[in-house]
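> Just need the structure, nothing else, for what follows:
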Amino acid sequence: MQRHEQIPFTLERDVEAIMVPAGVPVTLRADKSGFITQALGGSFTVYVEGNLFRVAGKDADALGQEIAVGPELPPDATDEDVKNLVWEQMRSCYDPEIPVNIVDLGLIYECEITHDDAGERTATIKMTLTAPGCGMGEVLVADVKDKVEAIPTIKQADVELVFDPPWNQTMMSEAARLQTGMM
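Below is the predicted model:
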């Protein structure tokens, strides 16, 4: 899907969604029609009856789209390999209103990987939001947690939402600032 292309759809079944930007869960009913406005990182932002909603990637089939395949790791993966995959997974998390991933937006402050004697790992992540009152905050935290915990050998992702230091646009990557016109 191109960035500005809108793909029409009619829901093939009821689907749980999150209203953007309020973060309120809703059920969109089968046979409702709308447009996919953003399909990034496996989730979808859809426009239905004058409102925007975020639909999780696991429900892509309801939109007539393919469900994304989960991340893979070789059996001999090192902690560094796992950490790199964690960062890659976080790059697949997008703010539903901004077509830039949360890593390039500068929302990830810290990522540490620890493991126990059984070889299972814990990812400890500190992240922030572009605005403290963002209704989508818990949705983004859950997206990071779900995508990181989908990595083989990751037993748990502890994702903490922090606001110190406060986010500002200088934390964005140069590519993200170019993409959003904030250069």
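> Give the burial count for residue 174, as a bare number.
By the measure other C-beta atoms under 10 Å, the count of residues near residue 174 is 9. Where C-beta positions appear, they are placed from N, C-alpha and C, glycine not excepted.
> now swap in residue 165 and tell me
Other residues within reach of residue 165 by the criterion other C-beta under 10 Å amount to 9.
> you'd agree it is in a helix?
No - counting by DSSP: H, G, I helix; E, B strand; the rest coil, residue 165 falls outside a helix, being coil.
> ok, the nearest residue to residue 137 once chain neighbours are set aside - contacts?
If the residues on either side of it in the chain are set aside, residue 137 comes closest to residue 129, at 5.0 Å by C-beta to C-beta, 6 or more residues apart in numbering. By C-beta atoms under 8 Å, 6 or more residues apart in numbering, residue 129 lies in contact with 107, 136, 137, 140, 161, 163, 167.
> Give me the subset of the residues you listed lying in strands.
Cross-referencing the contacts of residue 129 with the strands (criterion: DSSP state E) gives residue 161 as the overlap.
> okay, the contacts of residue 129 in CSV with neighbour count next?
As requested, these are exported to CSV (neighbours: other C-beta atoms under 10 Å):
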residue, neighbour count
107, 23
136, 21
137, 18
140, 24
161, 17
163, 10
167, 19
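> Just put the contacts of residue 129 in CSV and tack on distance to residue 7 and pLDDT.
Converted to CSV, the contacts of residue 129 look like this (distance: C-beta to C-beta, whole Å; pLDDT from 0 to 100):
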residue, distance to residue 7, pLDDT
107, 27, 96
136, 22, 85
137, 27, 89
140, 23, 92
161, 32, 95
163, 35, 94
167, 31, 93
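> Can you tell me which of the contacts of residue 129 lies closest to residue 30?
residue 136 (25.0 Å; C-beta to C-beta).
> circling back: can I assume the residue nearest to residue 137 sits in a strand?
No - read with three-state DSSP, residue 129 is coil and lies in no strand.
> circling back to that earlier point, which among the contacts of residue 129 gets closest to residue 42?
Closest approach to residue 42 among the contacts of residue 129 (C-beta to C-beta): residue 140, at 13.7 Å.
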